[in-house]
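**Q** generate a structure from the sequence data that follows.
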Amino acid sequence: HEAAMLQAAFDRTLNGSLELVDVHGYSGIGKSCFVNELQKPVTLHDGYFLRGKYDLLNSKAYSAIADAFSILVSQILSDPCESTITKWKNEIISAIGLNNCQLLCDIIPELEKIVGDVLNMTQAAATSAVELENRLKYSFTQFVQLISGKGKSIVLFIDDLQWADIASLNLLKTIMAIPSLKHFMLIVSYRENEVGELHPAMQALHTIRENESIQTTLISLKPLTENSLNQLIADILHTSDQNACADLAHAVFTKTDGNPFFVKLFLQTLYDQKLVWFDARKRAWQWNMATIQALHATENVIQFMAGRIESLPNDCKAVMANASCIGNTFSDFKISLIMEKNKSWIKQAVEHAIQSKMIMVTQQYNATEFCNMELYRFSHDKIQEASYNLLSEAEKREAHWQFGRKLLVGIQLHAHSNDHTDLFEAVNHL
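**A** Coordinates of the predicted model:
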C-alpha cells in the first residue's frame, strides 16, 4: 500500500505535477530503504533521483542539499559529448548570473567542473549574510527551474530532515515556492518520535503544504507485525512451513517489537553467537530457543550496538570511533589522516566491521577528496552514534580538533584542488 502511494506520487510527477512526499516513522523502521526503491523507476523514465542525508554529528549548512545536487552535476558531467556540457555551462551561467557562479560552487563544489573557468572572471562585492542567503536562494531557484525546464522529472530525497539546519529548511521552502515549477518531487523522511509540532522541520513542512499547487502524500511506516516477521524468517530459513519457525519468530518479535533494524541486528547476533545454525545432517536450520528467550530485549539500540561493537577487535573499534567523528560517510584517506595510519592498515582494520554489516563499502563518487580512495558508510545512524559514544567527551573534542587541523594541512598541501567543501568541513571540526 505504501509503495503504491509513493509510485502514484511519482506518476503524477511524470505528468508535470509538483509533489511533496512526507515519509515518517521510528528510527530503524526502513524509511531510507523504502524511498530508495523509487530510484529504479525514476532512472527508467530518464529522470533525476537526487539524494542527500543530514547527519546528527555534522552541522554543516546545506550539506544534504549540496550532496543531492552534486549527484545531478555528476550525471551532467558523465555525458560523453563535450558540446553538451558546454551547452549546460552557458545555460547555467545565463540562468544564475556570472556573479553568482562562485556562490553556488561554494555549496556544490562539483559544479566548478562545469563553470570553473569563468570563476576568476567574477568578483562579487562583499555583502551581508542576509544578502548572501538571498542570492543563494535566487541561484538555486534559477538552477532548479533550468533543470525542470528540460522536461525531465526531478526527485529530491532529503533523508533525516530532523537534523537539517535552518538555512537548508529555508532553501527547501524557497524551492517549493517556485512559481510554475513542474515535474518536481520533494521527498522528506524523518523520525516522528524525535520531532514535535514546534520543531523547525515540522514548521517548514507546514509552510510548504500551505502552497495549494503542491500535492502532498503522507506515508507513515509501521513496525513489522508478528505474522509478517514469521513470513520473513520462514523465507530466510528457506522453509515453506511457517509453523516450523513460529516460536523463533515470536521470540524475535518480543525482543525487537518488530522494528526492522532491530530484527536484522538481532538475527545477525543469533547467528554470530551460534544460537541459530544450519544442521548439515538434518539439512535444516536449528535454534536454541531457551538461550534466545533469555537474551535481553533490544529496547535501547545504542546499548545493543555498543555491545556488538565491543566484541570487535580494538583496531576496528578505533577506526569506527574516529570515523564517526567525520560523518555517516567517510573515506580511507580521511581516516588515515586523523589516525596517522596507512590505507592498507585502515582496510584491514575495518574488514571486521564490514563482515558484521556495520559498515558498508560504497562506490559513490566523491569530488571533494584529493586522491583516489575507498569510500565507506555506516549502515545506520545508530551504528555511527554508538561508535561515537565509544569516545569520552575529552576524546571527542580532541578527535575533532586533530581532524580539523590535519584536514587544513591537507588542503594547504593540495591547494590546487580548489576544494571549498573540505575547507568548510575543517572549520566545522575546529
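
**Q** quick one: low-confidence ranges for the stretch 301-430 of the chain?
**A** Flagging of the stretch 301-430 of the chain using pLDDT under 70 yields the residue ranges 301-303, 363-372, 409-430.

**Q** same thing but 50
**A** Low-confidence segments of the stretch 301-430 of the chain, defined by pLDDT under 50: 364-371, 415-421.

**Q** distance of the most far-flung residue of the chain relative to its centre from Asp257?
**A** In the chain, Arg281 marks the outermost C-alpha relative to the chain mean, sitting 43.7 Å out by C-alpha atoms, centre = their mean. Distance from Arg281 to Asp257, counting by C-beta to C-beta, to the nearest Å: 35 Å. The C-beta positions use only the backbone N, C-alpha and C, and glycine is treated the same way.

**Q** again with His206
**A** 30 Å.

**Q** ok, now Leu248?
**A** 16 Å.

**Q** and Met373, by the same measure?
**A** To Asp257, Met373 is 39 Å away according to C-beta to C-beta.

**Q** and if you look at Ile233?
**A** Relative to Asp257, and taking C-beta to C-beta, Ile233 is found at 15 Å.

**Q** surely Ala61 is within a strand?
**A** No - according to DSSP: H, G, I helix; E, B strand; the rest coil, Ala61 belongs to no strand; its state is coil.

**Q** export stretch 391-400 to PDB, keeping only CA atoms.
**A** What follows is stretch 391-400, C-alpha atoms only, in PDB (Å, rounded to 0.1, in the frame of the first residue of the first chain):
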ATOM      1  CA  LEU A 391      34.900   8.100  22.900                       C
ATOM      2  CA  SER A 392      34.800  10.100  26.100                       C
ATOM      3  CA  GLU A 393      33.800  13.800  25.800                       C
ATOM      4  CA  ALA A 394      37.500  14.800  26.100                       C
ATOM      5  CA  GLU A 395      38.400  12.300  23.300                       C
ATOM      6  CA  LYS A 396      35.600  13.600  21.100                       C
ATOM      7  CA  ARG A 397      36.900  17.100  21.400                       C
ATOM      8  CA  GLU A 398      40.500  16.000  20.700                       C
ATOM      9  CA  ALA A 399      39.500  13.900  17.700                       C
ATOM     10  CA  HIS A 400      37.500  16.800  16.100                       C
END
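
**Q** circling back: quick one: secondary structure of the residue farthest from the centre of the chain?
**A** Classified using three-state DSSP, Arg281 is coil.

**Q** okay, buried residues for the helix or strand where Gln7 lies please.
**A** Element membership of Gln7, judged by DSSP states H and E, is helix 2-14. Of the residues in helix 2-14, 6, 9-10, 12-13 count as buried by neighbour count, 16 or more other C-beta atoms under 10 Å.

**Q** now do that helix: which elements does it pack against?
**A** strand 18-25, helix 31-36, helix 39-44, strand 184-191, strand 214-220 (3 or more C-beta pairs under 8 Å, 6 or more residues apart in numbering; DSSP states H and E).

**Q** which residue ranges of the stretch 201-350 of the chain form strands?
**A** In the stretch 201-350 of the chain, the strands defined using DSSP state E, counting those that start in this stretch lie at 214-220, 276-279, 284-287, 329-331.
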